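J.: below is the sequence, then the predicted model.
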Amino acid sequence: MRKLHWLLLVAVFVAMPAFAKTKATIKVVNQSKWEIHHLFVSPTGEDHWGPDQLGDETIGTGESFTLTNIDCDNYDIKVIDEDGDECVIEDVNMCADNSVWKITDKNLLKCEEDSQ
């Protein structure tokens, strides 16, 4: 009986990492002509934004910023550029094969066009 108890205990500890959420690392590359001053993420379908991922940093033209330790899930992403223009990209899969997310003039201009 003791041996069976020990085997069950070992099986539980071996299986525990399978229950942990996988974490993502995403490199955000600014290929636009505007500095990015704020970057927020929110699980898709939630009504609130998390903290500013950039803190006191900015992502200049041609620069990048790496988001780490993000739970694998679908997120809405909001960026705010140097002019205060907001752009929200909805339903981004943070654990898709793409670990690089590019911000382009086209993305930002489309958001500005959509908000008018």
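T.: Here it is on my side, so go on. Bear in mind the structure is a predicted one, so any value in this text is a computation, not a measurement.
J.: use CA for all of it now, contacts and neighbours both
T.: Fine.
J.: distance-wise, check residue 40 relative to residue 61.
T.: For residue 40, the distance to residue 61 equals 18 Å [CA to CA, to the nearest Å].
J.: how about residue 49, nearest residue that isn't a chain neighbour?
T.: Of all residues beyond its chain neighbours, the one nearest residue 49 is residue 42 (5.0 Å), with distances taken as CA to CA, 6 or more residues apart in numbering.
J.: so, low pLDDT: which residues of this structure?
T.: 1-21, 96-98, 115-116 (pLDDT under 70).
J.: can you pull out the strands in the protein?
T.: Per DSSP state E, the chain carries strands over the ranges 23-30, 36-43, 64-71, 74-81, 86-93, 100-103.
J.: quick one, which of the ones you listed is nearest to residue 114?
T.: strand 86-93 (9.5 Å; CA to CA).
J.: remind me what the closest one packs against, helices and strands.
T.: strand 74-81, helix 105-114 (3 or more CA pairs under 8 Å, 6 or more residues apart in numbering; DSSP states H and E).
J.: ok, it: who's next to it in the sheet?
T.: Strands that pair with strand 86-93, judged by DSSP bridges, come out as strand 74-81 (antiparallel).
J.: let me know the angle separating the partner strand from helix 105-114.
T.: 90 degrees (axes from the mean of the first three to the mean of the last three CA atoms, to 10 degrees).
J.: contact partners of strand 74-81?
T.: Contact with strand 74-81 is made by 34-44, 86-94, as judged by CA atoms under 8 Å, 6 or more residues apart in numbering.
J.: cool, stretch 88-106 as well?
T.: With CA under 8 Å, 6+ apart, stretch 88-106 has contacts from 23-33, 44, 70-79, 111.
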